[in-house]
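sequence and predicted structure below; questions after.
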Amino acid sequence: MRPPSAPVHAEPAVSAAVTRRLVPLVAAPDDTAGRRACAERDGYLYVPRLVPGSALAPLRARIEQALTRRGWLRDGATDPALRLGRWDDARWIDFLGEILPSEPYRALAAAPALLGVLRDVLDAEPEPFVGDVCRLVSPGAPELTTPPHQDAAYLKDAAAVWTAWLPLDPCPTPLGPLAVWPGSHHLGLRPHAPVVTGGGLVGTDTPDDAPWATGDLAAGDVIFFSALTVHRALDNATADQLRVSVDYRYRPKPRPPAP
Ligand SMILES: O=C(O)CCC(=O)C(=O)O
């Protein structure tokens, strides 16, 4: 979590597998009808600078403290030999046990800016706590990069679930931001490899010419995507920066029965 003004060490930009068709994220309209149309058409919404710095700061500080205490962050850098990113890493699960129930983590999930967009997309009050995560991805370990997948393949009751994915600090492409395949939700649920203990997520096959919408993200930028939208991460190709991001999941709250 280097201060935003400091440069990120960039090695090769991204792995060959994802350099083929990187396309820019398109900023979503800011009106309800426009957002809904965009969500239906593309299966994702990119909203730059949505969350103010003041809403990110408490969680940012809490995570920084947790990372520093564990020795995963020193003077804004991480040990290049550290390997964090596996879904079943006991050290990460312990970290999640500290962060996910924390007040700053829950407060950011309820940030009015996030809920406003989700209300437009879901056409309902967003119900939180649908499988939230704070991800840490070590540098120089492409085997830890999240492969293409749909959340619907792994989540229970995924219908109508949408995710808000956001970095707490700037996340330029060499740090490995999220990438979404626009319109892929229209293809339905694809075959996925099962999740196996001790392994990374394997995900689903995607065509070589699939377009991956991604870009240099600023703190406060948010990518929203449906549970059927195929998404992946780019490799963290920095020398010594840990990628830190949060993803919050929501579904429409059932409406109370009419009186
Ligand atoms: O942050 C990542 O690397 C992957 C995020 C993801 O797959 C998700 O939020 O569903």
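Arrived safely.

identify the bridge partners of residue 222.
On the basis of DSSP bridges, residue 222 is bridged to residue 47.

distance check, it against residue 70.
Distance of residue 222 to residue 70, given as Cβ to Cβ, to the nearest Å: 27 Å. C-betas here are computed from N, CA, C, even on glycine.

more crowded one of the two?
Taking neighbours as other Cβ atoms under 10 Å, residue 222 and residue 70 compare with residue 222 leading, 23 against 15.

surely the more buried one touches residue 166?
Yes. Residue 222 is within contact range of residue 166, at 4.6 Å (criterion: Cβ atoms under 8 Å).

quickly list what's touching both of the two.
Common contact partners of residue 222 and residue 166 (Cβ atoms under 8 Å, 6 or more residues apart in numbering): residue 51.

where does residue 152 sit: helix, strand or coil?
helix (DSSP: H, G, I helix; E, B strand; the rest coil).

what packs against the longest helix seen in the chain?
Longest helix in the chain, counting residues (DSSP state H): helix 53-69. When contacts are defined as 3 or more Cβ pairs under 8 Å, 6 or more residues apart in numbering; DSSP states H and E, helix 53-69 sits against helix 90-99, helix 103-109, strand 243-252.

which residues of the stretch 1-150 of the chain lie near the ligand?
Counting by Cβ under 6 Å from any ligand atom, the stretch 1-150 of the chain comes close to the ligand at 135, 137, 146.

do the same with the stretch 151-259 of the chain
Within reach of the ligand by Cβ under 6 Å from any ligand atom, the stretch 151-259 of the chain has these residues: 151, 163, 165, 178, 231, 233, 245, 247.

what's the farthest-apart pair in the residues you listed?
Maximum pairwise distance among those (Cβ to Cβ): 14.8 Å, between 151 and 245.
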